[in-house]
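> Please find the sequence and the predicted model below.
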Number of protein chains: 2
Amino acid sequence: MKLERILGFYPKKIAIYQQALTHKSHVSDKNKVIKSNERLEFLGDSVLNSVISHYLFSKYPFIDEGQLTQLRSRFVSRETLNTVALKIGLGELIEKKQEDKSVSILGNALEAIIGAIYVDKGYDETKKFVYKQLIGVHIDSDKIVANETNFKSRVIEWCQKNKIDFEFITDESEKNQRSFFSVTLLVGGNEKGKGEAFSKKKAEQHAAQQFYEAIKEEL
Amino acid sequence: MKLERILGFYPKKIAIYQQALTHKSHVSDKNKVIKSNERLEFLGDSVLNSVISHYLFSKYPFIDEGQLTQLRSRFVSRETLNTVALKIGLGELIEKKQEDKSVSILGNALEAIIGAIYVDKGYDETKKFVYKQLIGVHIDSDKIVANETNFKSRVIEWCQKNKIDFEFITDESEKNQRSFFSVTLLVGGNEKGKGEAFSKKKAEQHAAQQFYEAIKEEL
C-alpha cells in the first residue's frame, strides 16, 4: 500500500491517517472539525517544530537562539513542506475537491500526517519519520548556516530593508608583489566598516562584519 | 537538593540544568551562547508547545484548530510561565545579575528547564514534568473552553475591533407566570440575531450565537 511506503512502517490506527489525508473541502461543514485534517495539522505542526528544534540544537552547539529560530523556519516553511509532500507522493492520496488546487494543501497534509504518526506511534517514531523524509534529504542546513554568516549579504539585506544607501568602495594596491584590497563600507554616506585582505571578497567580509555587529540584533 | 524537588526526579546531566538556570546577564558576552540558557529556552519552548498541543488535541476532540491555538496560547503565555516558575521556586535558583529584576527571566528559565529535561531524559519525562507542573495545577482549561464559547463576549469583541455599533435589545414579558425574555441583536443598525428564553442571559447567548456563526472565521 502506498501509504506504508511513505511512512516506512505499518500504521496501526488507519483511521487517523485517513483523516490526515482528508482536506476540509472534502467534508461537509457540519463534520469539518472531526473529519478534516486541520486538527491533526495543528498537532503535527508543533511536533515537527519540536523535532527540528532539537535536531538543530544538537547539531549546532555554537549558534545562538536567534539563528536557530531562523534556521528552523527554513525547515518548516510552507515551501519546504509542500515540496517534500509532493516528492514523497502525498498528493495522490489526499481527498479533496477536484477544483481545489492550492499547493499548501500538500504541506498541510504532511503536517497532518506527522500529527497522525504522533497519535499512532508516539514521539520517537515521529522523529524517525521527520529525520528520514525532511532532514538531510531536502534541506542542506550546513549551507544555510554558512550563508547566515555571510556578513556582506546580511548588511545588504538590512540596508535594503531600511532603505538606506550603502556602498563597498574597493581600493586595490600591491603588497609583496600580490594584489592587496582595502574595502570601505559606507552606509548612508558614513564609514561603517573597513577591511583589508589579499582577496577582495575577504576584505569586503571584514568591512561588513564590523557593521554587522552593530545591526545583528535587528536581523 | 532544591532542583530535584522541583524536577521530581534525579537529574543525570547536572551541567545542562545549571545552564538552564543561568541568565545571560550572569555570563560575559563572549560565552553567552554556550553558557547562558537562551538556546535551551529555544528548545524548551518548542517541546512545551508540542506537549500542550497534544494534551489539548486529546482532551477536546470537538474543538477546531483555531480554538486549539487560542487555548494553547494561554498555557504557554509569558504570564503563565512566570507564575508557574515563581510558584515552584525556580526564582531562587537562577543565576543572574542582582539588578536584573525582569519577571520574564523566570518564565524563560522554566522553558530552559523544560529544554534541559528533554536533553537529559527525553520527551516522555519532559511530558510528565509539564503535566505535573503546568497542566491542571495552574490553568483550568475547561473554564477557558467554556468562556471561549461565550458568544456574547465574542460578538462584543468583534464589534469593538471592527468599530461597529451593536446593541442587545431586551423585551421582557410573561409566559406561564414566569418572566420571559426576547433579545434582539443589532449590529450596525441591522438585526443580526434573535433569542428567546426564560433567562435573559440565555436569550442573549442565543441571539449572539447567530451572529457568531457568521463572524467566527474572523475571530
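The structure has been received and is ready for your questions.

> what does chain A put close to chain B?
Contact residues, chain A versus chain B (CB under 8 Å from any CB of the partner chain): A:32-34, A:38-39, A:41-43, A:45-47, A:49-50, A:52-54, A:57, A:61-65, A:68-69, A:115, A:118-119, A:123-124. Quick note: C-beta positions are derived from backbone N, CA and C, even for glycine.

> filter the residues you listed to the buried ones?
Among the residues of chain A next to chain B, those classed as buried by 16 or more other CB atoms under 10 Å in any protein chain shown are A:32-33, A:38-39, A:41-43, A:45-47, A:49-50, A:52-54, A:57, A:63-65, A:68, A:115, A:118-119, A:123.

> Mind checking which of the residues you listed are in helices?
If you go by DSSP state H, these have A:32-33, A:38-39, A:41-43, A:45-47, A:49-50, A:52-54, A:57, A:65, A:68, A:115, A:118-119, A:123 in helices.

> tell me the domain ranges of chain A?
Domain segmentation of chain A under automatic domain parsing yields A:2-139, A:151-218.

> which one of the ones you listed is the most hemmed in?
Of all those, domain A:2-139 has the most neighbours on average by mean count of other CB atoms under 10 Å in any protein chain shown, namely a mean of 18.

> what bits of chain A have low per-residue confidence?
A:29-30, A:136, A:138, A:145-149, A:217, A:219 (pLDDT under 70).

> how about the residue most central in space within chain A, what does it touch?
In chain A, the residue lying closest to the centroid (CA atoms, centre = their mean) is A:Arg74, at 0.6 Å. Taking CB atoms under 8 Å, 6 or more residues apart in numbering or on different chains, we find A:Arg74 in contact with A:80, A:139, A:141, A:144.

> Now for the last one: which residues touch it?
Which is A:Ile144. A:71, A:74.

> try 10 Å this time
By CB atoms under 10 Å, 6 or more residues apart in numbering or on different chains, the contact list for A:Ile144 reads A:67, A:70-71, A:74-75.

> Of those, which is the nearest to A:Ala214?
A:Gln67 (17.2 Å; CB to CB).

> Hmm, the closest one is touching B:Val33, no?
Yes - with contact defined as CB atoms under 10 Å, A:Gln67 reaches B:Val33; the gap is 9.3 Å.

> any residues in contact with both of these two?
Residues touching both A:Gln67 and B:Val33 (CB under 10 Å, 6+ apart): B:Arg39.

> I'd like to know how far the nearest residue to A:Phe57 once chain neighbours are set aside sits from B:Val51.
Leaving aside its chain neighbours, A:Phe57 sits nearest to B:Leu43 (4.8 Å; criterion: CB to CB, 6 or more residues apart in numbering or on different chains). Per CB to CB, to the nearest Å, B:Leu43 is found 13 Å from B:Val51.

> Could you tell me which residues touch both of the two?
A:50, B:114, B:118.

> hang on, isn't the second one packed against B:Gly44?
Spelled out, it's B:Ile114. Yes - contact criterion CB under 10 Å: B:Ile114 and B:Gly44 qualify, at 3.6 Å.

> Show me the common contact partners of the two, please.
Any residue near both B:Ile114 and B:Gly44 by CB under 10 Å, 6+ apart counts here, and that gives B:20, B:81, B:126, B:130.

> Now that we have the contacts of A:Arg74, can you turn them into JSON lines and tack on secondary structure?
JSON lines is the format used below for the contacts of A:Arg74 (DSSP: H, G, I helix; E, B strand; the rest coil):
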{"residue": "A:Thr80", "secondary structure": "helix"}
{"residue": "A:Ile139", "secondary structure": "strand"}
{"residue": "A:Ser141", "secondary structure": "helix"}
{"residue": "A:Ile144", "secondary structure": "helix"}
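
> Now do the end-to-end distance for stretch A:86-99.
End-to-end distance of stretch A:86-99: 18 Å, with CA to CA, to the nearest Å as the criterion.

> Need the residues that contact that stretch.
By CB under 10 Å, 6+ apart, stretch A:86-99 touches A:1-3, A:5-7, A:17-27, A:35-37, A:81-82, A:84-85, A:100, A:102-103, A:105-110, A:112-113, A:132-134, A:137-138.

> Sitting in helices, which of those residues do you find?
A:2-3, A:5-7, A:17-20, A:35, A:81-82, A:84-85, A:105-110, A:112-113, A:132-133.

> what's A:Ile94 sitting at in phi/psi?
Main-chain dihedrals, A:Ile94, degrees, to the nearest 10: phi -80, psi 130.

> do A:Glu196 as well
phi -130, psi 140.

> Relative to A:Glu174, how far out is it?
Using CB to CB, one obtains 13 Å as the distance from A:Glu196 to A:Glu174.

> ok so, going back, nearest to chain B among the contacts of A:Ile144?
Of all these, chain B sits closest to A:Gln67, with 9.3 Å by CB to the nearest CB.

> Distance-wise, check A:Leu86 relative to chain B.
Separation of A:Leu86 from chain B (CB to the nearest CB, to the nearest Å) stands at 23 Å.

> How much space separates that residue from A:Ala116?
19 Å.

> just A:Ser46 next, same as before
Counting by CB to CB - A:Ser46 and A:Ala116 are separated by 14 Å.

> what sits against A:Ala208?
A:Ala208 neighbours (CB under 10 Å, 6+ apart): A:150-156, A:166, A:168, A:183, A:185, A:192-193, A:195.

> give the contact list for the residue lying closest to A:Lys59 once chain neighbours are set aside.
Sequence neighbours aside, A:Ser141 is the residue nearest to A:Lys59 in space, at 7.0 Å (criterion: CB to CB, 6+ apart). By CB under 10 Å, 6+ apart, A:Ser141 lies in contact with A:52, A:55-56, A:59-60, A:71-72, A:74-75, A:135.

> 8 Å - rerun?
A:56, A:59-60, A:71, A:74-75, A:135.

> a markdown table for those residues, including secondary structure?
Shown next, in a markdown table, are these (three-state DSSP):
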| residue | secondary structure |
| --- | --- |
| A:Leu56 | helix |
| A:Lys59 | helix |
| A:Tyr60 | coil |
| A:Leu71 | helix |
| A:Arg74 | helix |
| A:Phe75 | helix |
| A:Ile135 | strand |
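
> thinking again about what came up before, tell me the one of the shared contacts of B:Leu43 and B:Val51 nearest B:Ala207?
Proximity of those to B:Ala207 (CB to CB) peaks at A:Ser50, which lies at 42.6 Å.

> how much space is there between that closest one and B:Gly122?
Distance from A:Ser50 to B:Gly122, counting by CB to CB: 12 Å.
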